[in-house]
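Predicted coordinates and the sequence they were generated for:
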Amino acid sequence: MKIIAQNKKARHDYFIEETYEAGLQLLGSEIKSIRLGKVTVNDSFVTFKEGEAFVHNLHIAKYDFSNQFNHEETRPRKLLLHKKEILKMFSKTREQGYTVVPLKIYLQEGLCKLEIGMAKGKKDYDKRETLKEKDQEMRMKKILKQR
C-alpha cells in the first residue's frame, strides 16, 4: 500500500468514529496524475445523491503529457461503495453534527482507493485538549529516549 496524500486537518478538526475504504471512478489521465502524487485531499467532502456517493473538491492536477482529452481538476467523482455502506453513512449524516470526510488516498494492488471517515465536529476546547495530549506524549518519549 502506497499512501499518496493524507488529510491531517481532518483528524485535527473532527472525531473520526468509523472509516471505510472506497474505490474511485477515475479517468485515465487522473490515475496517471495520482500515481505521480499530484493530488490534494484537503478541503474535500462527500455528498450523497440518488443512492450514490460523490467526493467534491478532490484536486487532481492535470496530467502534463495528455492533450485535449485532459480532465477537470476538481470535478465531482463517484465513490464505489456497497449499497449498505452508502445507506448507513447517509442516515448518519442526517443526524446533527455528522459528516463524511476523505482521510487519505492510496494505491493498493494497482488500484486507487480513498479512505473516508464518519466524523463529528470538534469544538475549540477539544482541539486544544488533543494538542495538549500530543505534546505530553512527545515529552514522555523524549524523556524515555534520554534514559
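Received it, and whenever you're ready, just let me know what you need.

Quick check: bridge partners of the residue most central in space within the chain?
Geometric centre of the chain, nearest residue: Pro102, 1.9 Å, by C-alpha atoms, centre = their mean. Applying DSSP bridges to Pro102 gives these bridge partners: Ile116.

Just to check, it is in contact with Ser44?
Yes - in this structure, Pro102 is within contact of Ser44 by C-beta atoms under 8 Å, at 5.1 Å. Where C-beta positions appear, they are placed from N, C-alpha and C, glycine not excepted.

Which residues are in contact with the residue nearest to the centre of the chain?
The neighbours of Pro102, taking C-beta atoms under 8 Å, 6 or more residues apart in numbering as the test, are 7, 10, 41, 44-46, 55, 58, 114-116.

again, only using 10 Å
Residues in contact with Pro102 (C-beta atoms under 10 Å, 6 or more residues apart in numbering) are 5-7, 10, 22, 24, 41-46, 55-58, 79, 114-117.

Then Leu24?
30-31, 34, 55, 58, 60, 77-80, 102, 105, 111-114.

Apply 8 Å and report the result again.
With C-beta under 8 Å, 6+ apart, Leu24 has these contacts: 55, 77-80, 105, 112-114.

Would you list the buried entries among these?
55, 77, 79, 105, 112-114 (16 or more other C-beta atoms under 10 Å).

In a markdown table, list the residues you listed along with distance to Arg139, secondary structure and pLDDT.
What follows is the buried ones among the contacts of Leu24, written out as a markdown table (distance: C-beta to C-beta, whole Å; DSSP: H, G, I helix; E, B strand; the rest coil; pLDDT from 0 to 100):
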| residue | distance to Arg139 | secondary structure | pLDDT |
| --- | --- | --- | --- |
| Val55 | 38 | strand | 95 |
| Arg77 | 42 | strand | 93 |
| Leu79 | 40 | strand | 95 |
| Ile105 | 33 | strand | 95 |
| Cys112 | 38 | strand | 93 |
| Lys113 | 36 | strand | 94 |
| Leu114 | 35 | strand | 95 |
